[in-house]
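Visitor: Any chance you can model this:
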Amino acid sequence: MPMRLTQPIGTGAASCRALGVQAFLLALVLFIPTMVTAAAAAPGAATPAADNGGFGAPGYPAYHLGQATVTRGEMQVQLHTRLEMRAALLTGEDNQLLRGDLAERPGFAVPRARFGLTGQFAKHIPFTVVTDLAGATLTDAWIGYQRFHYFKMWFGARTVPFSRSAILSSADAALSERSRSSNAMAPFRQIGLTVGGDYKLLGLTWRAGVYNGFDRHLNFYGGAVNSSGLHGNRFHGLSSVARIQVAPKGKMGPSVHDLTGGKLRFSVGGGAYMNDGGTTTGTGYSADLHVKAGGLHILAEWIRDDAKPSERPTTDNTIPEALTREAMSVEVGYVWRKLTFAARAELVNPNTDVENNDDEMWVSASVGKALVGNLLRVWLQYDHRRELQGQTFDNDTLLFKIMLRL
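Guide: Sure, this is the predicted structure:
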């Protein structure tokens, strides 16, 4: 269907920019199908594997992640998108987003609306650019070099190699979202340089990197305050992060739950960081165990961090004194005929020096179903938050979520 230019043509700079954007979109709509068709018809053109990391399904062999593939010479690019819709069916009177609840009142939300491209150039140079329209943020933007398995490198904005739950995509979680402890305590995407290696015979993977520093939010569930770095590292120092993981029984796959079934596999890992956030400085540690066997999965994770105010804070959004936090989560689930049953318990302690109403236990249970492979998924999830000290609150939540990714 032809695209119509409905914006009136003006003489100002704004009109010129709008016309330029529309012309670009028109060219994109007309040009990409031509490139995809030509790539599919080109002799020897590379095509995505049918399973593509476990996303394919026997009933839908033509469906896979990144279906729109552009190939030109030594470059291959896959366009992909992820859209999530969530409905809060039931909420407690005391629900608060600031206390980790996913919804405060019954209603609807769009947690993620991501669009990006992933590709490779000259076989050994991968690259990724992803933006999230729901948060108006750039989530990933990096270039890598992966000629050797034993030594690889990536430069740009990507996930910091610290926590197992943070490294695994939220799209591949067994429940509708990652654990709250990892969201609150693990640094996620930072701009920097990452190096690493994979040793298949040993089942050993290691990653290490130097990144722009990050600060911790005053609110525990606010997570890490990341440095965007779009204009350079202005208010932060640097952070050093390292992680090692061993999976002696074979690859664990990209998902938390066991989609493929099969024999026993497990991984043991841990990470550490030293961080100069400009406003706070500190260290963090993590340890995790991930087990899969015959559709069953177990994921246990422990995270602890220490922080103190910088001698010369760059902002006034800082903690008043040294603070140690700790959290632990254990998740168990089973996949049966594309249905995923999962439950998770978490203990969070935002300040190990005191016992107060912030010490909490979370219990979440969900049932989900994978449709069209693992590309379309739906969940029904129930969350319960229990204050371990002091007054208890009415904060149970019942959620429905649907995710589509292509």
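Visitor: quick one: contacts for the spatially closest residue to Val77 that is not a sequence neighbour?
Guide: Ranked by C-beta to C-beta, 6 or more residues apart in numbering and with sequence neighbours excluded, the top spatial neighbour of Val77 is Gly119, at 3.7 Å. Placement of C-beta: from N, CA and C, glycine included. Each residue near Gly119 by C-beta atoms under 8 Å, 6 or more residues apart in numbering is listed here: 70, 75-78, 126-128.
Visitor: Roughly how far does Gly119 sit from Thr71?
Guide: Gly119 sits 9 Å away from Thr71, taking C-beta to C-beta, to the nearest Å as the criterion.
Visitor: what's the overlap in contacts for the two?
Guide: Common neighbours of Gly119 and Thr71 (C-beta under 8 Å, 6+ apart) are Val77.
Visitor: In the stretch 301-406 of the chain, where is pLDDT below threshold?
Guide: 313-318 (pLDDT under 70).
Visitor: can you give me the strands for it?
Guide: 323-336, 339-349, 360-371, 376-387, 397-405 (DSSP state E, counting those that start in this stretch).
Visitor: Kindly report the same for the stretch 1-150 of the chain.
Guide: Ranges of strands in the stretch 1-150 of the chain, per DSSP E, counting those that start in this stretch, are 68-72, 75-91, 107-109, 113-121, 125-132, 137-145.
Visitor: right, so of those strands, which gets closest to Asn374?
Guide: Comparing the strands of the stretch 1-150 of the chain against Asn374 with C-beta to C-beta, the closest turns out to be strand 75-91 (12.0 Å).
Visitor: before we move on, the earlier item: PyMOL command for the buried members of the contacts of Gly119?
Guide: To isolate the buried members of the contacts of Gly119 in PyMOL, using 16 or more other C-beta atoms under 10 Å:
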select buried, resi 70+76+77+78+126+127+128
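Visitor: Out of the contacts of Gly119, which is nearest to Leu218?
Guide: Thr128 (31.8 Å).
Visitor: Got the confidence number for the closest one?
Guide: Thr128 is assigned 92 on the pLDDT scale.
Visitor: so where's the stretch 151-300 of the chain shaky on pLDDT?
Guide: 226-230.
Visitor: try it again with 90
Guide: Residue ranges of the stretch 151-300 of the chain with pLDDT under 90: 168-172, 188-190, 200-202, 213-237, 250-251, 253-254, 259-262, 276-281.
Visitor: mind listing the strands in it by residue range?
Guide: Ranges of strands in the stretch 151-300 of the chain, per DSSP E, counting those that start in this stretch, are 152-159, 189-199, 204-212, 215-216, 224-225, 238-246, 265-276, 280-293, 296-309.
Visitor: now stretch 186-206: how far from the chain's centre is it?
Guide: 15 Å (C-alpha atoms, centre = their mean, to the nearest Å).
Visitor: What is the end-to-end distance of it?
Guide: 18 Å (C-alpha to C-alpha, to the nearest Å).
Visitor: Then stretch 352-372?
Guide: 45 Å.
Visitor: for that stretch, which positions count as buried?
Guide: Within stretch 352-372, the residues that count as buried by 16+ other C-beta under 10 Å are 358-360, 362, 364-366, 368, 370.
Visitor: which residues are contacting stretch 336-351?
Guide: Applying C-beta under 8 Å, 6+ apart, the external contacts of stretch 336-351 come out as 174-175, 179-181, 184, 220, 257, 295, 323-335, 358-371.
Visitor: how about a cut-off of 6 Å?
Guide: For stretch 336-351, contacts defined as C-beta atoms under 6 Å, 6 or more residues apart in numbering pick out 174-175, 179, 181, 220, 257, 323, 325-334, 358-370.
Visitor: Could you take the strands of the stretch 1-150 of the chain and lay them out as JSON lines, with extra columns for distance to Ala300?
Guide: As requested, the strands of the stretch 1-150 of the chain are exported to JSON lines (distance: least, C-beta to C-beta, whole Å):
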{"stretch": "strand 68-72", "distance to Ala300": "38"}
{"stretch": "strand 75-91", "distance to Ala300": "26"}
{"stretch": "strand 107-109", "distance to Ala300": "29"}
{"stretch": "strand 113-121", "distance to Ala300": "29"}
{"stretch": "strand 125-132", "distance to Ala300": "29"}
{"stretch": "strand 137-145", "distance to Ala300": "27"}
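Visitor: Between these, which one is closest to Leu299.
Guide: Leu299 sits nearest to strand 75-91 of all those, at 20.9 Å, using C-beta to C-beta.
Visitor: packing partners for that closest one?
Guide: Judged by 3 or more C-beta pairs under 6 Å, 6 or more residues apart in numbering; DSSP states H and E, strand 75-91 is in contact with strand 68-72, strand 107-109, strand 113-121, strand 397-405.
Visitor: buried sites along it?
Guide: For strand 75-91, by 16+ other C-beta under 10 Å, it's 76-86, 88, 91.
Visitor: ok, the contacts of Gly119 vs Arg304, which is closest?
Guide: Checking these against Arg304 with C-beta to C-beta, the nearest one is Thr128 at 30.6 Å.
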